[in-house]
Structures are given as C-alpha cells and as structure tokens.
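In: predicted model and sequence below, questions to follow.
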Amino acid sequence: EAAVTQSPRSKVAVTGGKVTLSCHQTNNHDYMYWYRQDTGHGLRLIHYSYVADSTEKGDIPDGYKASRPSQENFSLILELASLSQTAVYFCASRPRAQDTQYFGPGTRLLVL
Amino acid sequence: GQQVQQSPASLVLQEGENAELQCNFSTSLNSMQWFYQRPGGSLVSLFYNPSGTKQSGRLTSTTVIKERRSSLHISSSQTTDSGTYLCAMERGQGGRALIFGTGTTVSVSP
C-alpha cells in the first residue's frame, strides 16, 4: 500500500503569516497533488507536479505556491495566510503507470 | 459550472437497508474513482472504475460512460458504513488530477 504522509497534521496560523505544509511519499510516484477541502464540499486542486523541480497550477492556485525539491517531497506554501485559506489540505500521489491516487491523512489549517 | 454532481447530498439508513449513490458528469469521462471519507477526514479509495461494474464485498460500482454517470451501491448497510462518499472523475489534462463531487453523507443507525 502506497504511503503518503503529511505534516503538520493540524496548524493554527495568524493572518499574514507564512505557512508551509509538507507532503512525503515513499513509493517513488511521479505525480503529486495538493487539494483543499472546505466544510461540506469536495476537494479542489491547488497545484500538482509530475516531476521533481517542476510544479503546475491547478484550479485554485491564487495565494499558494508549491515546491517539489525531490521525487518524494511536495510542499504547499502560503506566503501571506488569509482567513479564507482555513480548510483541510490533502496531498496525493500517483504512479505514472497506474490510475489510483493515494491520499495523505490531511492537514487541518485554521487561520485566525 | 460544476462538472461532477452527486446525489443525494445526504442519506439516512437503518442497518440492513440498501442504498444507491449517484454521480453525474457534464463532460466526457476519462475515468472514475469512488472514495470513502471517514468521519475523522481521511480518504480511502474504494474503486477505480472507468467503465462497467466492479464489486468489493457489499459495495458495487457501475459506470456507464455514454450516459455520463456512475453509481455506488451499498447492500445490507452497517453502522460502520457511516461517513461521506465522494466520487471523482479524472481530467484528461492537468496531470490527470481529479475533479470531485461534493459528496453524499451516509448515516446508518442500528
């Protein structure tokens, strides 16, 4: 079973502060994704990457940056956190030759 | 507009009852996944089903591409089935990321 871990699992941040969410996968998957989920809604794509040192914008990239320094690690960066970025953030990975995405446990972010 | 629509939004069942959850797409389907989201929030992949019918235990997924729909059937529901069920379709471009529906919250009482 593919393993995707996220840290921190929860975080309280202040408005205007910088937040970094980290994702690590141990299965050498090519694709990695960041999604956010708001209460009562499905997940929406923020950024994704299909190779190390390269990231792509998803559907809602405004206010977020992403970094993929290695095959295993994918970070989501909120340079200036805002109240509207309070949500649960999920990281996922997928091997190139397969179709199933494997999700991490999520990070609950509360911006005050 | 919303490309993936799920129905119903919520469902209350008595243990032992069956249920059918629906997912409809407004664009051509590339592939379909069904997820179960635990009350604590973690996601569990149930099915990857681009077409046809797949079964796993009491769960059955059926995808009909030409009708742009997919369904998840729960038979003989149990209290442990309570949670949120999400369908997601894979986009053809954009790194094959998923477009999610808004989910169906299922509550099974004993």
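Out: Thanks, I have the structure now. Residues are numbered from 1 along each chain as shown, chains lettered A, B, ... in the order given.
In: residues from chain A in reach of chain B?
Out: Residues of chain A found near chain B (C-beta under 8 Å from any C-beta of the partner chain) are A:31, A:33, A:35, A:40-45, A:48-50, A:56, A:58, A:88, A:90, A:94, A:99-103, A:105-106, A:108. Heads up, the C-betas are built off the backbone N, CA and C, glycines and all.
In: are any of the residues you listed buried, and which?
Out: A:31, A:33, A:35, A:42-45, A:48-50, A:56, A:58, A:88, A:90, A:94, A:101-103, A:105-106 (16 or more other C-beta atoms under 10 Å in any protein chain shown).
In: now do the contacts for the closest residue to chain B within chain A.
Out: In chain A, the residue that lies nearest chain B is residue A:42 (3.3 Å; C-beta to the nearest C-beta). Counting by C-beta atoms under 8 Å, 6 or more residues apart in numbering or on different chains, residue A:42 touches B:4, B:6, B:86, B:88, B:100, B:101, B:102, B:103.
In: likewise residue B:48?
Out: By C-beta under 8 Å, 6+ apart, the contact set of residue B:48 is A:99, A:100, B:31, B:32, B:33.
In: which residue ranges of the chain form strands?
Out: Just so you know, I chose chain A. A:4-7, A:10-13, A:19-25, A:31-37, A:43-51, A:54-57, A:65-67, A:73-78, A:87-94, A:102-103, A:107-111 (DSSP state E).
In: think we crossed wires, I meant chain B
Out: Going by DSSP E, chain B shows strands at B:4-7, B:10-14, B:19-25, B:32-37, B:43-48, B:52-56, B:59-64, B:69-74, B:83-90, B:98-100, B:104-109.
In: for the nearest residue to residue B:81 once chain neighbours are set aside, list each beta-bridge partner.
Out: In space, and not counting its chain neighbours, residue B:81 is closest to residue B:108: 5.2 Å by C-beta to C-beta, 6 or more residues apart in numbering or on different chains. For residue B:108, the beta-bridge partners under DSSP bridges are residue B:13.
In: pretty sure residue B:108 sits against residue B:16.
Out: No: Residue B:108 is beyond contact range of residue B:16, at 9.0 Å (criterion: C-beta atoms under 8 Å).
In: now for those two: what residues contact both?
Out: Common neighbours of residue B:108 and residue B:16 (C-beta under 8 Å, 6+ apart) are residue B:77.
In: who has more neighbours, those two?
Out: residue B:108 (20 against 11; other C-beta atoms under 10 Å in any protein chain shown).
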